[in-house]
Structure formats: C-alpha cells, structure tokens
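Enquirer: Build me a structure from this.
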Amino acid sequence: MRDSRYWQGFWRLADPKISLASFAGLFMGACFAAADNALHAGWLALTVLGIFCVEVAKNAAGELVDFDSGTDQAVAEEDRSPFSGGKRVLVDALLTRAQCRGIALSFFATAIIIGLVIVLWRDGRVLWFGIPGMALAWYYHGGRVRLAYRGLGELAVALAYGPLVTCGTYFVQAGTPGAPLIHVSLVLGLLVAAFLWINEFPDYAADRATGKRNLVVRLGKDNATAGYVALLVAAYSWLVFTALYYPDARGILGGLLGAPAGALSIHLLLRSGGVTRRVVPAQAACLVGFLLMALGSGLGYLLG
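Expert: Residues are numbered from 1 along each chain as shown. As a prediction, this is how the structure comes out:
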C-alpha cells in the first residue's frame, strides 16, 4: 500500500502535462538541428533525460515550499483543476516531506551529473545553458529568492522553457543557434509563460491569501485577463515578423497552427466569469496551442 501511494505521488511530480512544456522546446530545437546539421540520438536522449530530471526535482522542491506557505492547503476544492492547484502530494499524504526532499535532491543530482557528462564529452559551453537553467529551476520556488512568490515566475518560465531549453538542445546537437531559432524560442517562451499565467487564475484566492504574489495576484483578475490576451497576441505577432525578416526561415510560420487554439483559450477565459470549471477548457486550449506552435514551427523549418 505504501509503495502504491509513493508511486502515485511520484507520478504526480513527473506530471506529463507539465513536462510537455519542456518537451515542446526540445522538439523544436531538435528539428532545427536536424535541418541545419544532423541529430545525434545519444546526446539527444541524454538531453531529454537531463531536462526531465530537472522537471521532477523542481516539482518536488516546489511541493515543500507551497505546502509550508499554506498555498496548497488554501486551494478550495472547487478551484482544483488538472492544470493548477499544485501536485498536492503532501496535502493528499501520498508522499512524506522526507520523500519529497529525497526526490528533489536525487533528481537534481542526476541532472547535474548528466549535464557534466555533456560538458566534458560534448562541449563545455553547454554550461552557459545549464547553469542558468538549474538556477531558475531551483530559485523558482526555493532559496530566499522564490521567484514564483515575487511576480517573477512568469519571466523565469519564459526564459527557461523558451531559449534555454530550445537553444540548449540545438547547441548540444549543432553548435551556436542562429537568429531565427533564438526568436522562435522566445515566442515559445511567451506561450509557455501564458500557460502558467492562465493556470494562476484558479489559484488566485489561495495565492493572494498566502502571499504568493504572482502576476495574476498583483494585477488582479481583470488586468491579468488583458495581460493574457496581450501575451498571446505578442507571441504570434513576433512569430510572423520573424518569418518575414528571415525569408530562409519562412517554415516557422507553421507555428501559426497553434493560433486557433490560443484564440479559443482567450474566448473561453473571457466567458468563464472566473469560475474554475469554466477556466479548465481554456487552460487545455492554451496547452494545445503552444504544443501545436512548437510542432508547426519545428516541422515547418525542418521540411522547408
């Protein structure tokens, strides 16, 4: 029984829905590398494993911080959704504090070892991606910085899941990324930050009550809704301007495949009235949107 609860808790921390954010950047970076050079399957597999380990470690560390702050406990039952409200492995007693801490430390350590293997046997300059990535993963919840509690979590997510994951994947495969990839990775970063943004709406009351001052709490729901719309419009406009400026990279316009889902998420959010069960479809549409954007831009560049 204990083993069953442990693996249920671990599965929540490894949450495939949330890991899709990093896999989107991995996929896009790999597509660009395959088009410009060639893919090295072993190094790609190691990169995927390393980033997955960081994801699990970050989630486990975040559970401890959000539990201690009271944020997870403050989320009302009607405000829980498949995309927000925390992993709740401590709240639901699936894992102990010691188990969460052990998972965080062991997976951070594994990610560091994988990173050092890539640095030593592939290219030492990968440190320029790895060190900021690890720092953002740790300080998103941890230390005295706690970016997610200071209205800086959205920026951290945009940088980590955009240029760091995407361009870092490319760098391991093919060397220094070109300008089009840097731009399109920033577009993806904005879209993943928008996913975090919309996921903060159901947690608004709990976050505000416990001092988790993310941007939705700081702006208020009405202004945050306008901010969400601005993020999506800015992202897809940036994508179009990049394609126009770099004609050889016109294939990235395939990323507009995600625009209808993004527009749907805006429509659903505006009609939700702040009711969580009505926000959930908007969250799902946002997730589909950034996945289709990464798929369309990556394959568009590769095939184009």
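Enquirer: Quick one: list the elements packing against the strand or helix carrying residue 184.
Expert: Taking DSSP states H and E as the definition, residue 184 sits inside helix 179-199. Here helix 179-199 touches helix 16-36, helix 153-159, helix 165-174, helix 221-245, helix 259-271, helix 276-303, going by 3 or more Cβ pairs under 8 Å, 6 or more residues apart in numbering; DSSP states H and E. (Glycine included, C-beta is placed from N, CA and C.)
Enquirer: So which residues of the stretch 51-200 of the chain form helices?
Expert: 71-74, 97-121, 127-139, 153-159, 165-174, 179-199 (DSSP state H, counting those that start in this stretch).
Enquirer: Next, format the ones you listed as a markdown table and append distance to residue 82.
Expert: Shown next, in a markdown table, are the helices of the stretch 51-200 of the chain (distance: least, Cβ to Cβ, whole Å):
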| stretch | distance to residue 82 |
| --- | --- |
| helix 71-74 | 15 |
| helix 97-121 | 21 |
| helix 127-139 | 23 |
| helix 153-159 | 18 |
| helix 165-174 | 23 |
| helix 179-199 | 10 |
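Enquirer: Any chance of those in JSON lines with mean pLDDT and distance to residue 239 as columns?
Expert: Below are the helices of the stretch 51-200 of the chain laid out as JSON lines (pLDDT from 0 to 100; distance: least, Cβ to Cβ, whole Å):
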{"stretch": "helix 71-74", "mean pLDDT": "92", "distance to residue 239": "34"}
{"stretch": "helix 97-121", "mean pLDDT": "96", "distance to residue 239": "29"}
{"stretch": "helix 127-139", "mean pLDDT": "95", "distance to residue 239": "22"}
{"stretch": "helix 153-159", "mean pLDDT": "97", "distance to residue 239": "15"}
{"stretch": "helix 165-174", "mean pLDDT": "97", "distance to residue 239": "13"}
{"stretch": "helix 179-199", "mean pLDDT": "97", "distance to residue 239": "5"}
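Enquirer: mind checking which of those helices is nearest residue 10?
Expert: Set against residue 10 and scored by Cβ to Cβ, the helices of the stretch 51-200 of the chain come closest in helix 97-121, at 6.9 Å.
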